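1. Sharing a model that was predicted from the sequence below.
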Amino acid sequence: MMRKLKIFIAGLVVSSLAFVSCTNEENISIEEGKGRINVLLTDAPYPIELISSTYVTIDKVEIRKKTEAGMEEEKDSFIVLSEENMVIDLLELTNGITEEIAAAELEAGYYDMIRLHVVDATVVLNNGSEFDLKVPSGSSSGLKVKIQPEIHLEEGQTSDVLLDFDVSRSFVVKGPLDNINGFNFKPVVRGVYMGAAGRIEGNVTDTLATPLEDAMIKAWMPGETEGDSIDYISSFTDELGDYKIIGLKEGTYTVVCEMEGYENDTLKDVIVTAGESVSADFELK
């Protein structure tokens, strides 16, 4: 039988995804010796309450096959998964809504990297202002995203990959928040093998039990840094005060909830297990 590797694209880190990595699919026939992949994209921009849409245009999705586990090939060997031109509004993909951007049957083996060709990006504010952003040359020629951990695709199995597009760090505001005059586009994307991932979800209210919308949630593993800063994963609450952060590798996390006009709240020692969801609720003063 063929192996399947799936790649999806999802909105906001608030997205949820069924944990279906490395499972057989009864209704899909897989050619012998190959597999299939789905890719997801995630997160939202800050300040989220001022922004109507964040569009990215992707015209190619590729994956790299390795010769053996832990060893990179001397020359990059990328396989095209999709060459469809796709315009995606990341803000429409929130709280469990995901969009498949590529699906292909692949040979058995190890896969460790996605190359995402982003050719255009646009931000639209609620007041109708629209900003066409300059895409860095490295992104248009191919944004390389490591899959962590790398996938060992076995015959007859399906594996899922999540692309977590951190919009809050990718779309950098220019000017004061009361007079935004543009954005810098610096794409920040992480690749996650969903077979080894869990999620954190919960609800945010004030002390009167009123749901708080657009509260920011940050999660990170203590000790992990990106340069001189904490390497965090973020999300925002919806109108009911709910949030989800998916595609988290196993481990112990610190989770912080922030919202203007309220005191920050922190939960430590939140344990994430692969294939499971852990609850983390907040009550802000």
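-> Ah, there it is. This structure is a prediction, so every number in the text was calculated from the model and none was measured. Numbering: from 1, shown residues only.
2. Just the helices from the stretch 1-150 of the chain, written as ranges.
-> For the stretch 1-150 of the chain, helices defined by DSSP state H, counting those that start in this stretch occupy the ranges 137-142.
3. Tell me where it has strands.
-> For the stretch 1-150 of the chain, the strands defined by DSSP state E, counting those that start in this stretch cover 3-10, 37-40, 51-66, 78-82, 86-89, 98-106, 109-125, 130-133, 143-153.
4. Figure out how far the host helix or strand of K218 is from the centre of its chain.
-> Using DSSP states H and E, K218 maps to strand 216-220. Mean-position distance between strand 216-220 and its chain equals 14 Å (C-alpha atoms, centre = their mean, to the nearest Å).
5. so what does that strand touch, helix or strand wise?
-> Contact partners of strand 216-220 among helices and strands, from 3 or more C-beta pairs under 8 Å, 6 or more residues apart in numbering; DSSP states H and E: strand 197-206, strand 233-236, strand 242-249, strand 251-258. C-beta coordinates here come from the backbone N, C-alpha and C atoms, glycine included.
6. where in the stretch 101-250 of the chain is pLDDT low?
-> Within the stretch 101-250 of the chain, the segments meeting pLDDT under 70 span 138-140, 224-230.
7. Ends of stretch 234-247, what's the gap?
-> 12 Å (C-alpha to C-alpha, to the nearest Å).
8. Quick check: buried residues in that stretch?
-> 234-238, 241-247 (16 or more other C-beta atoms under 10 Å).
9. what residues does the strand holding K218 touch?
-> When contacts are defined by C-beta atoms under 8 Å, 6 or more residues apart in numbering, strand 216-220 is touched by residues 46, 168, 200, 202, 204, 230-237, 243, 245, 248, 253-259, 270, 282.
10. List buried residues within those.
-> By 16+ other C-beta under 10 Å, the contacts of strand 216-220 give 46, 168, 200, 202, 204, 232-237, 243, 245, 248, 253-259, 270, 282 as buried.
11. Spatially central, which residue of this protein would that be?
-> Closest residue to the average C-alpha location of the chain: D164 at 1.4 Å, with C-alpha atoms, centre = their mean.
12. Against E239, how distant is it?
-> 23 Å (C-beta to C-beta, to the nearest Å).
13. Compute the number of surrounding residues for K134.
-> 13 (other C-beta atoms under 10 Å).
14. so how far is K144 from it?
-> Following C-beta to C-beta, the distance that separates K134 from K144 is 20 Å.
15. follow-up on the earlier one: what's the closest of the helices and strands packed on strand 216-220 to D112?
-> For D112, the closest of those is strand 242-249, at 14.9 Å, according to C-beta to C-beta.
16. Direction included, what does that closest one pair against?
-> Sheet pairing of strand 242-249 (DSSP bridges) gives strand 197-206 (antiparallel).
17. how big is the angle separating the partner strand from strand 216-220?
-> With axes from the mean of the first three to the mean of the last three C-alpha atoms, to 10 degrees applied, the angle from strand 197-206 to strand 216-220 works out at 140 degrees.
18. in what helix or strand does the residue nearest to the centre of the chain lie?
-> Counting by DSSP H and E, D164 is part of strand 158-165.
19. in this protein, what residue sits furthest out from the centroid?
-> Largest centroid distance in the chain under C-alpha atoms, centre = their mean is L208 at 32.5 Å.
20. you'd agree that residue is in a strand?
-> No: according to DSSP: H, G, I helix; E, B strand; the rest coil, L208 belongs to no strand; its state is coil.
21. wait, isn't E201 in contact with S277?
-> Yes: E201 lies in contact with S277 (C-beta atoms under 8 Å); the separation is 5.6 Å.
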